[in-house]
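In: fold the following, please.
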Amino acid sequence: MSASPAAPSATKPPVTVLGLGLMGYALADALLTAGHRVTVWNRTAAKAAPLVERGALLAPSVREALEAGPLTIACLLDYDTQRALLEPAAGALHGRTLVSLTNGSPAQARETESWALALGARYVDGGIMAVPHQIATPEAFLFYSGAQDPFDEHRTTLSVLGTPHYLGPEVDVASLYDLALLSGMDMMFAGFFHATAVATSHKGTTASDFAPHLVTWLTSMLGMVPLMAADIDSSGPPAYSQTLDLVRAAARNMGDAAREAGVRADHFDRTVAELDGRIAAGETEYTASTAVDRLRVPARG
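Out: Next up is the predicted model:
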C-alpha cells in the first residue's frame, strides 16, 4: 500500500510522468509521496485514478502534460511509442527537460537526444535498475547520461526514485550500462532455470529445496567478479586462470548430466565444440580476458 503523500511543497518542482504501466505508476507514486506536484498522462486514463485520489493531476493530453512543468519523465513501452506520443506535442518541449526512462538501445538514445535538442529541449537518458516495488527504496539505483546541466538541476527530484548514477555527457552510456546489466541478469536467470531443471530431475527434490544451495554458491562466486575485472583491465599475468582441458572436461560433464536428467544440453555442447577448436589451435589457458575478447565481433574493414 502506498504511503500517504506529503502536501505539495512550493520548494519542490512540479514533475510530469508519461506512462502508467507498473514502473511508470511506481515513479509517479514515489514523487507524489515525496511532496511533488505530479501531473500524469496515460493512454488508459482510468489507471491514473488511484494517483488522482491522492492528489496527482491527470492531464487530458500529452501536450498539456508537458506544459504542466519544467521536467517530464517518460516511462513507456519503447522508444517508438515514446516518439509517436511526443511528436504531435513536440513544440511543448521547447525550454523544458525530458528524461527518458523508457528502455531502449544506445542508438535510440542518441537519436532521441538529437531530436529533442533540435526542438530546443534538454534531454537526459536513463536506465532503471530496479523492479517497481523497489522504487524509492535503498535497493533502487538509476543510470543517467547526457547533458550535465539538466541532470544537476533535477538531481534532487530524480533522487526520489532511487540512487542516481550520472555516467557523463555521452547520452548513450546509460542505456548501454542498463542493457549490459540486464543481459547479466537474463543469463543468470537462464542459469537458474537450467540448474533447477537438472536438480529437480531427482525424485523428491523441489525447486525450493534446491534454491538456497544455488544462492549460497552464486553469492560466493560473485566475489570472483572484481578479481576477473581486474584481470580484464590488466595487461599483466592473470590472477585467475584455468587450463582449457579442465574447463572442457567440466563442460562435458555438465552436458552429460543435463542429458541424463532429460534437460537440453545445447549450451554445453556449443562450449565443448568451441573449446575443442581452441585446444586444437594450441591454446592451453582459460582466462577472463580471453573469454571477453572472444565475445567481441571483429570490426568490419
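In: what does stretch 278-292 contact?
Out: Stretch 278-292 is contacted from outside by 228-229, 231-232, 234, 238, 240-248, using Cβ atoms under 8 Å, 6 or more residues apart in numbering. Heads up, the C-betas are built off the backbone N, CA and C, glycines and all.
In: buried among those residues? Need that as a selection in ChimeraX.
Out: With 16 or more other Cβ atoms under 10 Å as the criterion, this ChimeraX line picks the buried residues out of these:
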select :228,231,238,244,247,248
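In: which of the contacts of stretch 278-292 fall within strands?
Out: 241-243 (DSSP state E).
In: could I get these as a markdown table with pLDDT and distance to Leu222?
Out: Output for those, formatted as a markdown table (pLDDT from 0 to 100; distance: Cβ to Cβ, whole Å):
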| residue | pLDDT | distance to Leu222 |
| --- | --- | --- |
| Ser241 | 93 | 19 |
| Gln242 | 95 | 18 |
| Thr243 | 97 | 24 |
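In: turn those into CSV, including distance to Glu53.
Out: As requested, the ones in strands among the contacts of stretch 278-292 are arranged in CSV below (distance: Cβ to Cβ, whole Å):
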residue, distance to Glu53
Ser241, 60
Gln242, 59
Thr243, 64
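In: how is this protein divided into domains?
Out: Taking automatic domain parsing as the reference, the chain has its domains at 15-171, 186-211, 223-301.
In: give me the three-state assignment for His165.
Out: For His165, the assignment made with DSSP: H, G, I helix; E, B strand; the rest coil gives strand.
In: list the residues that contact Ala30.
Out: Neighbouring residues of Ala30 by Cβ under 8 Å, 6+ apart: 135-136, 160-161.
In: now for those residues, which pair is the farthest apart?
Out: Maximum pairwise distance in these, criterion Cβ to Cβ, is 8.9 Å, between Ile135 and Val160.
In: ok, and for stretch 175-195, which residues are buried?
Out: 175-179, 192, 194-195.
In: among those, which one lies nearest to Leu20?
Out: Asp178 (20.8 Å).
In: checking the nearest residue to that closest one once chain neighbours are set aside next. Helix, strand or coil?
Out: Distances taken as Cβ to Cβ, 6 or more residues apart in numbering place Gly127 nearest to Asp178, at 2.7 Å, with adjacent residues excluded. Under the three-state scheme (three-state DSSP), Gly127 adopts strand.
In: circling back to that earlier point, can you list the buried residues of stretch 175-195 in CSV and add pLDDT?
Out: Shown next, in CSV, are those (pLDDT from 0 to 100):
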residue, pLDDT
Ser175, 98
Leu176, 98
Tyr177, 98
Asp178, 98
Leu179, 98
Phe192, 98
His194, 98
Ala195, 98
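In: just those: which are in strands?
Out: Counting by DSSP E, no part of the buried residues of stretch 175-195 is found in strands.
In: of all the residues you listed, which comes closest to Gly277?
Out: His194 (23.4 Å).
In: so the closest one makes contact with Asp266?
Out: No: assessed by Cβ atoms under 8 Å, His194 is found out of contact with Asp266, at 10.4 Å.
In: report how many residues lie close to the residue nearest to Asp178.
Out: Applying other Cβ atoms under 10 Å, we find 27 residues neighbouring Gly127.
In: which residues sit in contact with it?
Out: Residues in contact with Gly127 (Cβ under 8 Å, 6+ apart) are 101, 103, 142-143, 174-175, 177-179, 181.
In: among the residues you listed, which ones are in helices?
Out: 174-175, 177-179, 181 (DSSP state H).
In: gap between Ala46 and Leu20?
Out: 10 Å (Cβ to Cβ, to the nearest Å).
In: more neighbours, these two?
Out: Leu20 (27 against 9).
In: that one sits in which helix or strand?
Out: Assigned by DSSP states H and E, Leu20 falls within no helix or strand.
In: quick one, phi/psi of it?
Out: phi -120, psi 50 (degrees, to the nearest 10).
In: now do Ala74
Out: Torsion angles at Ala74 (phi, psi; degrees, to the nearest 10) stand at phi -100, psi 130.
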